[in-house]
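Asks: with the sequence up front, the predicted model follows.
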Amino acid sequence: MLHREEVLARVTKYRRAHKEECNRRCAEHRATHRKEYAEYYDLHKKEYRDRSRRYYHIHRPQLCAMVAERQRDLKRRMLACDPKEIEKFYIESERLTQETGIRYSVDHIIPIKGKTVWGLHVPWNLRVMPLADNVRKWNKFEAV
């Protein structure tokens, strides 16, 4: 039996070598099954909701601790800067989306919580870019 890391490395290697094919197959699967997923969810909405409530009640202390940690984390990353300066980026992204019809979003140049670096939620770490590019970038830091 292979170790989990070996299997994961092999799958990652394959996906990198066959990126276009994997993306195409994934898109086809989503397109053909989207309606089925929606219908299944509609039929089982009550069960989903009940399961979610049970999970919340069982794990409430852990979930509350995670939210509190996330809030503390954000406060640590916010410096004394004018919130209106940050808001300008979000207004600009909305304006560009309305004008061009292409969805724009606000990107943290240095990710808030990247794998190798952690950035700040400050104006000099923000930029407006197309949502598709931002999703592709994910939380990677692209050094210039």
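Replies: On my side now, so go ahead.

Asks: helices of the protein, start to end?
Replies: 4-17, 19-43, 45-58, 60-77, 83-100, 131-137 (DSSP state H).

Asks: below-threshold pLDDT in this protein: ranges please.
Replies: 1-2, 76-80, 143-144 (pLDDT under 70).

Asks: can you do 50?
Replies: Across the chain, nothing is flagged by pLDDT under 50.

Asks: so it: which segments form each domain?
Replies: 1-44, 80-144 (automatic domain parsing).

Asks: most packed of those domains?
Replies: When you average the neighbours per residue for each of the domains of the chain (mean count of other CB atoms under 10 Å), domain 80-144 leads with a mean of 14. For the C-beta atoms, the positions are set from N, CA and C on the backbone; glycine is no exception.

Asks: do you know how far residue 103 is from residue 11?
Replies: 30 Å (CB to CB, to the nearest Å).

Asks: hmm, back to that, which of the domains of the chain sits closest to residue 62?
Replies: domain 80-144 (18.9 Å; CB to CB).
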